[in-house]
Each structure stands twice: as structure tokens, then as C-alpha cells.
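Participant: Okay, here's the prediction I keep looking at, along with the sequence it came from:
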Amino acid sequence: METREAADRFVRVWQRAWTAHDVDALLELYAEDCVHRSMPFREPHRGRAALAEYLRWSFAGERVTDVRFSAPVVGEDGVAVAEFRVLAEEDGAPSTLAGCVFVRFDAAGLAVETRDYWHTVEGHRESEGALFFG
């Protein structure tokens, strides 16, 4: 699968599945032996089972009202990056999460490595200027 096709599918599924907390749909995007880093200094989640555990933990207590992803920017060697913004309620309090995900895909179009960088603020906030780079 071409990187562009894999990256477009990745952001499309993440946008829909994050809103629904559909962990199974998200796991289908990842290779069995994937490595996911949810923040630069956290231990990585290795393999689908560890990723599933992290996602379920991450979604607990969260009620999502809006998820948006940018169109992915595709580089060389199966690598792509996309920005995201999520409006949610965390344990009843409004919050906004904004960040980006870096993904490396294998030849089958599955994510073998992902890295997230994100920041959360209280309340529902829109970005200053354009929502996404581009």
C-alpha cells in the first residue's frame, strides 16, 4: 500500500474511532509488533495488546464531542505526520487536546511505529489562526 493511502486511512479511522472510543477499529491500523510512544519520555507501548490497554485507559473518563485531524503530510520511507485537535470532557470538565502524530507504515500499510506529541488545556478552545498547518 502506498504511504499516502495508508496515511489518509489512518487519520480517517482515528478521527471516527476516537470519537466512538472504538479500540478495535484503531488496532486494525497497527502491525502486531507495533511500537507506540504516547509522549516522548513515557515508556513505549509494544505490540497491539499493550496499545489496546493504553487506549482503553486513555479513553476511560473521557467523553469526546469533536475530533479533527489535518490532512497527513507524507514523507519518505513510509513516514507521515498529522495534527489533531480533540474537544472532550474529562471526568465532567471540558478540555481541549491538541497535538501531532508521527507514523511509520510497513508495505502493507500498517503502522509499525507511532509517536504522539500533545498538550491539554482546560475548557474548549480553538487555535489562534489556522487550525492546522498547511
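Facilitator: The structure has been received and is ready for your questions.
Participant: got a list of what H45 touches?
Facilitator: By C-beta atoms under 8 Å, 6 or more residues apart in numbering, the contact list for H45 reads 35-38, 51, 53-54. To be clear about C-beta, it is placed using only N, CA and C from the backbone, and glycine gets the same treatment.
Participant: In ChimeraX, select just the buried ones from the residues you listed.
Facilitator: To isolate the buried members of these in ChimeraX, using 16 or more other C-beta atoms under 10 Å:
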select :35,36,37,38,51,54
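Participant: Looking at the contacts of H45, spot the one nearest E28.
Facilitator: L51 (11.5 Å; C-beta to C-beta).
Participant: Give me the distance between that closest one and V81.
Facilitator: Note on L51: its distance to V81, by C-beta to C-beta, to the nearest Å, is 19 Å.
Participant: go on, L97?
Facilitator: L97 is 17 Å from V81, by C-beta to C-beta.
Participant: Quick one: list the elements packing against the longest helix along the chain.
Facilitator: Using DSSP state H, we find that the single longest helix of the chain is helix 3-20. The contact analysis (3 or more C-beta pairs under 8 Å, 6 or more residues apart in numbering; DSSP states H and E) places helix 3-20 against helix 23-27, strand 62-69, strand 73-74, strand 79-90, strand 93-105.
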